[in-house]
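1. just a sequence and a predicted model for now, questions to come.
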Amino acid sequence: MFENLSDQKKINLFLIFSVLFLIFFIYQITRPDDDGDKFTIADIKASFDGRIIKKVDLKKNIFSHVKISRKNKFDTLVYLGEYVDSISIGERIIKQKNSPFFFAINKESNSRKYIFTLIPERIYNNDKFPKAWKDNCKGNWKEVVIHEKNLNN
């Protein structure tokens, strides 16, 4: 395919492709990370209700997930992070749709509230973030909003 091209044309073609690759590479590195926005919104929209049947360590001896049994549905693996240590096997956990919190309920029906997902300020300020959720962030969701200016101090 390139046999009929002169050496100078081959060099020019190589340089053009190199520049295009470099531009694409720089764009990939510097583009804004919108994937985190999608995950945060999906976490808030998610809902589940089930009983913890097992604590799971995806990394050796670091428990961060629980396996829950749900009525008439498949067992589900749920990320709880640091809260795994505060929850016992056999407890029921409930995550309501459109909420950043989940509740653990023990056998005596005592419930405890935990944060399921944090909301970075850049996501809160994004136009795609629902207005009703923004209003909640000013009130009973105030504790889940991460203010970037506080991270630098």
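-> On my side now, so go ahead.
2. can you give me the buried ones in the biggest strand by length in the chain?
-> Among the segments of the chain that qualify as a strand by DSSP state E, the longest is strand 48-56. Buried residues in strand 48-56, counted by 16 or more other C-beta atoms under 10 Å: Phe48, Asp49, Gly50, Arg51, Ile52, Lys55. Glycine gets a C-beta too; all of them are placed from N, C-alpha and C.
3. of all these, which two lie farthest apart?
-> Using C-beta to C-beta, these span at most 18.3 Å, a distance reached by Asp49 and Lys55.
4. spit out the contact partners of Asn126.
-> Asn126 makes contact with Asp37, according to C-beta atoms under 8 Å, 6 or more residues apart in numbering.
5. for it, pull up the helix or strand it's in.
-> Using DSSP states H and E, Asn126 maps to neither a helix nor a strand.
6. can you tell me how far it is from Pro100?
-> For Asn126, the distance to Pro100 (C-beta to C-beta, to the nearest Å) stands at 15 Å.
7. measure the spatially most central residue of the chain to Lys10 for me?
-> The chain has Phe39 as the residue nearest its centroid, 4.0 Å off, counting by C-alpha atoms, centre = their mean. From Phe39 across to Lys10, the span is 45 Å (C-beta to C-beta).
8. could you do Phe101 as well?
-> Per C-beta to C-beta, Phe101 is found 62 Å from Lys10.
9. ok, these two, which is more surrounded?
-> Neighbour comparison, Phe101 and Lys10: the larger count goes to Phe101, with 17 against 12 (by other C-beta atoms under 10 Å).
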